[in-house]
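1. Only the shape, not the letters, is given here:
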């Protein structure tokens, strides 16, 4: 520890030191105890889950191993399921998790190719100016033109 006031910046107390510090501050609110034990993120937010896990481990309880992916634990938020369904209005949504995995950026244009034998939907990226005036990739702008 850097001083008698608490852990050094960026240091999270563990084991006996954590238990001793938490016990000494047991008359304070939980957030203050967690802060005093060093469980604060870079943005200043109290890291409650990490604090509670460290307390449980310091007490000698074995915690189950966290799942790497797909489980609800792990602190990474929701995971992409690689499943979707057609909405009641007929739309098929491909969410941000998938477009991010593919490296797609807002404003990019694609041609949609449907393959009835397999049910696959292929997206073919169109270069700038390739979409045509109708936005359908055909470049046919004669519809509605008359002399």
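-> Done, it's in. Because the structure is a prediction, the values reported are computed rather than measured. Residues are numbered from 1 along each chain as shown.
2. Would you map the strands across the protein?
-> 109-115, 120-126 (DSSP state E).
3. would a markdown table of the ones you listed with mean neighbour count and distance to residue 47 be doable?
-> The way it works is simple: take the backbone N, C-alpha and C, and place the C-beta from them, glycine included. Shown next, in a markdown table, are the strands of the chain (neighbours: other C-beta atoms under 10 Å; distance: least, C-beta to C-beta, whole Å):
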| stretch | mean neighbour count | distance to residue 47 |
| --- | --- | --- |
| strand 109-115 | 12 | 41 |
| strand 120-126 | 12 | 40 |
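4. and of the ones you listed, who's closest to residue 57?
-> The closest of the strands of the chain to residue 57 is strand 120-126. By C-beta to C-beta, the value is 46.6 Å.
5. quick one: the helices in this structure?
-> Using DSSP state H, the helices assigned to the chain run over residues 15-24, 30-36, 48-58, 96-102.
6. tell me, which of these is the model least confident about?
-> Among those, helix 96-102 carries the lowest mean pLDDT, at a mean of 85.
7. Pipe the strands of the chain into TSV and attach mean pLDDT per row.
-> TSV is the format used below for the strands of the chain (pLDDT from 0 to 100):
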stretch	mean pLDDT
strand 109-115	92
strand 120-126	90
